[in-house]
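1. Below are the sequence and a predicted model; questions follow.
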Amino acid sequence: MTKDNLRERIWDRLETEGIARFPFPPHGRIPNFANASDAADRLAETDAWRAADTLKCNPDAPQLPVRRQALREGKTLYMAVPRLSEPKPFLRLAPDEVDDIDDATTVSGSAKHGVPVDPEAMPQIDLIVAGSVAVDAAGNRVGKGEGFSDLEFAVLRGFDRVDTNTTVATTVHDSQVVDDSEIEPDRHDVPLDLVVTPTRTVETNAVADRPDGLYWDDIAAEKIEEIPVLQRLQPE
């Protein structure tokens with residue numbers, strides 16, 4: 001099964017079984033799901049969460065409870081600018097800089113309340129929370145197909161803001177967890193350490209190697225032209 005086929009299967013299942021939540025349809029996006037807040041609560045019970053002072057989180061709807069929980073607990077949150085299109089491609093949401101947590105943690109609100117930052121000005125990231133379409137218990141992940149989550153990791157790796165010890169987690173519905181044989185990772189895919197659903201927490205003990213940086217042969221020239229931070233990191 002290809003990743004595209006797997007995505008379509010999961011999106012269809014979430015829709016037909018009434019698991020998907022706004023925004024609709026779930027197709028073509030990181031899908032929101034029933035009881036996403038329960039998954040966020042379960043993530044907040046993990047040692048990795050308790051130990052983290054700084055998080056990078058995706059901007060999608062199912063991780064909204066994660067972002068709000070982080071700020072309410074006094075953690076500093078970083079979100080990528082859509083498509084990494086700005087010279088300062090990350091937004092900082094710090095508890096002492098945000099007056100309205102509920103608004104600031106939405107996609108539109110993050111652009112209003114967040115402070116644009118350069119990767120060089122960011123601290124070490126303790127925990128990454130990624131959005132997913134499908135995952136397995138071995139730590140393999142399938143996103144919506146544009147590759148930005150893995151690209152953001154590689155960019156931060158290029159600036160030494162993440163490394164092999166940075167915990168990477170996701171929150172998903174139980175129905176998004178598939179058999180280990182169904183996902184064949186690519187070399188740029190970032191394996192997950194934690195898969196958290198509304199009902200369980202899986203420590204994956206991922207054995208796949210993390211990307212040690214950017215694989216330039218895998219990045220289209222058009223994308224490099226559109227993303228200023230890639231131009232900075234590109235070898236001469």
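-> Looks like it came in fine. Computed from a predicted structure; not experimentally measured. Residues are numbered from 1 along each chain as shown.

2. how about the strands in the protein?
-> Applying DSSP state E to the chain gives strands spanning 54-57, 76-80, 90-93, 115-117, 127-130, 134-136, 141-142, 167-171, 177-178, 194-196, 201-203.

3. So for the spatially closest residue to residue 190 that is not a sequence neighbour, what pLDDT did the model give?
-> Leaving out its chain neighbours, the residue that sits closest to residue 190 by Cβ to Cβ, 6 or more residues apart in numbering is residue 153, at 4.7 Å. Heads up, the C-betas are built off the backbone N, CA and C, glycines and all. At residue 153, the model reports a pLDDT of 97.

4. do the same with residue 162
-> On the pLDDT scale, residue 162 gets 97.

5. which non-adjacent residue is nearest it?
-> residue 156 (4.5 Å).

6. thought the one you found was touching residue 120?
-> No. With contact defined as Cβ atoms under 8 Å, residue 156 does not reach residue 120; the gap is 10.7 Å.

7. got a list of what residue 210 touches?
-> Residue 210 makes contact with 153, 157, 164, 190, 191, according to Cβ atoms under 8 Å, 6 or more residues apart in numbering.

8. Check the burial of the first one by counting its neighbours.
-> Neighbour count of residue 153, defined by other Cβ atoms under 10 Å: 25.

9. That one against residue 164, yeah?
-> No. Counting by Cβ under 8 Å, residue 153 does not reach residue 164; the two are 11.5 Å apart.

10. which stretches of the chain aren't confidently modelled?
-> 207 (pLDDT under 70).

11. any idea where the helices of it begin and end?
-> Taking DSSP state H as the test, the helices found in the chain are 3-16, 36-43, 47-51, 64-72, 101-104, 107-113, 148-158, 221-226, 228-233.

12. Out of these, which is closest to residue 172?
-> Distance to residue 172, taken as Cβ to Cβ, is lowest for helix 36-43 among the helices of the chain, at 7.1 Å.

13. starting at the chain centroid, how far to the closest one?
-> Here helix 36-43 is found 15 Å from its chain centre; the criterion is Cα atoms, centre = their mean, to the nearest Å.
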